[in-house]
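Trainee: what follows is a predicted structure for the sequence shown.
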Amino acid sequence: MGKLIVRLDFLEFPPTHTCEGEDLSPRITLSGLDAGAVAIMAVNPFVPSCCSFSPWLAWNIPPIEIIPAGIPREPVVTMPVPAVQGRNDLGRIGYSGPCPPPGSTHRYTFKVWGLDANLSLAPGSSKGDLVAAMRDHVVQYGETVAICTR
């Protein structure tokens, strides 16, 4: 397997992808993907509540080069790309954009796994459930980072 390269269209979140704008999931470009399915987890490691805060969990995305922006906040999505989404750490299904406290900057990591097959994991599952379901199915991994300042 080659290296999985993950890219966003920005280094700093534009309002379109944050709580101050349309709060749409960003477009993610994948290069070198050689897997049967894709899983994504967005993570903000700076939330003081614990270890890391996950505002987006999605899996069973087909192995495509571009995951389009604006994935609907539904447990099972068919358009613009098939996906299953989990319950994020805000208790919501789908993507919740960055919303750091005013006057602060937070870093968000988009972790992407190439999997050997789709996961048998119920929509609305948690971060822990996703990590457990991916065990023994990961064939590639890549990540990218962007910051958000308010």
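Mentor: Sure thing, it's come through. No experiment lies behind these values; they were computed from the predicted model shown. Numbers count the residues shown, from 1 in each chain.
Trainee: thinking residue 18 is in contact with residue 100, fair?
Mentor: No: Residue 18 lies out of contact with residue 100 (CB atoms under 8 Å); the separation is 9.0 Å. Glycine gets a C-beta too; all of them are placed from N, C-alpha and C.
Trainee: overlap in contacts of the two?
Mentor: Here residue 18 and residue 100 have 148, 150 as joint contacts, going by CB atoms under 8 Å, 6 or more residues apart in numbering.
Trainee: how much space between the residue of the chain positioned farthest from its centre and residue 32?
Mentor: Within the chain, the residue lying farthest from the chain centre (CA atoms, centre = their mean) is residue 103, at 24.8 Å. Note on residue 103: its distance to residue 32, by CB to CB, to the nearest Å, is 38 Å.
Trainee: contacting residues for the closest residue to residue 143 other than its chain neighbours?
Mentor: Nearest non-adjacent residue to residue 143, counting by CB to CB, 6 or more residues apart in numbering: residue 111, 4.8 Å away. Shown in contact with residue 111 (CB under 8 Å, 6+ apart): 40, 41, 42, 43, 141, 143.
Trainee: now the buried members of those residues.
Mentor: By neighbour count, with 16 or more other CB atoms under 10 Å, the contacts of residue 111 hold 40, 41, 42, 43 as buried.
Trainee: so what's the residue nearest to residue 143 bridging to?
Mentor: residue 41, residue 143 (DSSP bridges).
Trainee: do residue 30 as well
Mentor: residue 6.
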